[in-house]
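[1] prediction below, plus the sequence it came from.
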Amino acid sequence: MKLLKLSFLFVFFGLLSCQKEKQVETNEKNVVEKATDSTATDEFEMYEMSEMAALMEQMYVDNQRLKDRIIKGDTIGKFPQHFIKIHKAVMTDEHDKDAFFDEQAQKFIQAQELIYKDPKNAKKHFNNGVDACIQCHQVKCSGPIPRIKKLYIK
């Protein structure tokens with residue numbers, strides 16, 4: 001549901017940003033008219049997330065929920081099997097899928113699995129999983145790092 005809302009917001013703001021106001025001066029007064037961007041004649045292309053980007057968004061949401069359960073001391077539940085798709089999901093840039101990525105993905109999966117196998121140390125394992133995300137994103141794609149850091153359990 002959150003992914004649907006997020007997609008809607010991207011489309012909404014994308015459409016809003018395609019229009020600009022420009023001022024046209026006349027001899028007698030300034031007239032403000034709306035004009036579309038010069039690219040308005042081109043077709044609008046909606047951004048489509050890669051399989052990996054969508055999976056990482058889902059993993060982020062799942063980990064937010066898991067963080068809340070760990071903090072509250074609730075039962076952890078079962079390891080989400082869709083996390084395993086990290087090894088096969090299609091990336092935005094396939095060149096990013098290399099030995100380093102595979103190693104970091106494995107560290108992330110191991111830390112995540114340990115949360116469910118050893119719930120007494122869930123906080124430690126959870127933060128190790130966040131560390132694995134950050135270590136990979138420092139090399140591959142640094143944009144989401146500030147967001148990922150918010151997952152840490154203090």
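    Happy to help now that I have it. Numbers count the residues shown, from 1 in each chain.
[2] low-confidence stretches in this protein?
    1-42 (pLDDT under 70).
[3] tell me which residues of the longest helix along it are tucked away?
    The single longest helix within the chain, with elements called by DSSP state H, is helix 51-72. By neighbour count on 16 or more other CB atoms under 10 Å, the buried set for helix 51-72 is 52-53, 55-60, 63, 66-67, 70. Just so you know, the C-beta spots here come from the backbone N, C-alpha and C atoms, and that holds for glycine as well.
[4] columns distance to residue 79 on top of those residues, output as a markdown table?
    Shown next, in a markdown table, are those (distance: CB to CB, whole Å):
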| residue | distance to residue 79 |
| --- | --- |
| 52 | 19 |
| 53 | 22 |
| 55 | 15 |
| 56 | 17 |
| 57 | 19 |
| 58 | 14 |
| 59 | 12 |
| 60 | 16 |
| 63 | 12 |
| 66 | 10 |
| 67 | 15 |
| 70 | 14 |
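[5] could you single out the nearest of these to residue 99?
    residue 52 (16.4 Å; CB to CB).
[6] from what I see, that closest one and residue 91 are in contact.
    Yes: between residue 52 and residue 91 a contact is recorded at 4.4 Å, counting by CB atoms under 8 Å.
[7] quick one: the helices in this structure, in order.
    Going by DSSP H, the chain shows helices at 2-17, 51-72, 99-117, 122-139, 145-149.
[8] helices and strands around the last one, which ones?
    In terms of contacts (3 or more CB pairs under 8 Å, 6 or more residues apart in numbering; DSSP states H and E), helix 145-149 is packed against helix 122-139.
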